[in-house]
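**Q** build me a model:
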Amino acid sequence: MYDYLIDTHLHTPASDGHSDYAEILRVASSRGLSALAVTDHGTMAGVGPMQALAGDFEVEIVPGIEINSGQMHVVGLGVCEPVPNGLGIEKTFHEIDAQDGLIIIAHPTNGRQIYLSEVAGLLDSYFVGVECMGIHGGYGVPYKFGNAFKFCKQYGLPRIGCTDAHRANHVGLIATVCGGESFSDFRRAFESAKTDIWVSRYS
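**A** Predicted structure coming up:
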């Protein structure tokens, strides 16, 4: 049974998000999300404002950040401090792991992203999730990220669905689901690769 529904990747006015904090939360609540991970580019300044409003909408806020390692974008969930950009892939993984954060490969086939096979050599040292489905830019249309599903199956990694939303109307169109009631339950599901992908009827 899937009880916990989280959009693990979205942006707020703290970076390049175009919707205010309350509107993001209103949409998340209306679509039945349990949680949102706030993953702005290179900053965690949006986490506090979201947490301050979240109680009114009964949506859990998970602190996070999207980092440009220099070769690819990486999302860190459950971190306490920002991770700098430009550290390279392995050092970025290390910095997230040192904070007991969850490492997620963001939109692995977008633009100049490296191939997932180039991450495989680090999997003996780091456990990562991979975004397998997202939405297409301004259109809000679900799509799959290349061979991400196959990569997760091959290496026993958790599959992640998320929106990378920059506008509130995209929040929760795709999300990650697992059993449980909190981010702690999501962490356990992530670490045992027992997550799945949920697509909203609004998408």
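**Q** packing partners for the helix or strand of the chain with the lowest mean pLDDT?
**A** Of all the helices and strands that make up the chain, the one with the lowest confidence by mean pLDDT, DSSP states H and E is strand 141-144; it has a mean of 86. Where contact means 3 or more C-beta pairs under 8 Å, 6 or more residues apart in numbering; DSSP states H and E, strand 141-144 is packed against strand 128-136. Where C-beta positions appear, they are placed from N, C-alpha and C, glycine not excepted.
**Q** neighbouring strands of the least confident helix or strand of the chain in the sheet, and parallel or not?
**A** Neighbouring strands of strand 141-144 in its sheet, by DSSP bridges, are strand 128-136 (antiparallel).
**Q** that older thread, what element comes up after the least confident helix or strand of the chain heading to the C-terminus?
**A** Elements were assigned by DSSP states H and E; along the chain past strand 141-144, the next helix or strand is helix 148-155.
**Q** what's in contact with the next helix or strand after that following helix?
**A** Next along the chain after helix 148-155, taking DSSP H and E as the criterion, comes strand 159-161. The contact list for strand 159-161, computed with C-beta atoms under 8 Å, 6 or more residues apart in numbering, reads 8, 104, 129-134, 148-149, 152, 174-176, 193, 195-199.
**Q** repeat the analysis, applying 6 Å as the threshold.
**A** 8, 104, 129, 131-133, 152, 174-176, 195, 197 (C-beta atoms under 6 Å, 6 or more residues apart in numbering).
**Q** with adjacent residues omitted, what lies nearest to the residue in the chain sticking out farthest from the centre?
**A** Residue farthest from the centre of the chain, counting by C-alpha atoms, centre = their mean, is D56 at 22.7 Å. Nearest residue to D56, sequence neighbours excluded (C-beta to C-beta, 6 or more residues apart in numbering): L25, at 7.5 Å.
**Q** what packs against the helix or strand the one you found falls within?
**A** Assigned by DSSP H and E, L25 belongs to helix 21-30. Counting contacts by 3 or more C-beta pairs under 6 Å, 6 or more residues apart in numbering; DSSP states H and E, helix 21-30 packs against helix 47-54.
**Q** in the helix it packs on, what's buried?
**A** Going by neighbour count (16 or more other C-beta atoms under 10 Å), the buried part of helix 47-54 is 47, 49-50, 53-54.
**Q** farthest-apart pair in the residues you listed, please.
**A** Greatest spatial distance among those (C-beta to C-beta): V47 and L53, at 11.5 Å.
**Q** overlap in contacts, these two.
**A** Shared contacts of V47 and L53 (C-beta under 6 Å, 6+ apart): none.
**Q** the helix or strand hosting A175 vs strand 128-136, what angle?
**A** Assessed by DSSP H and E, A175 sits inside strand 174-178. Orientation check (axes from the mean of the first three to the mean of the last three C-alpha atoms, to 10 degrees): strand 174-178 against strand 128-136 gives 140 degrees.
**Q** sheet-wise, list the partners of strand 174-178 with their directions.
**A** Strand 174-178 pairs in its sheet with strand 4-10 (antiparallel), strand 196-199 (antiparallel), by DSSP bridges.
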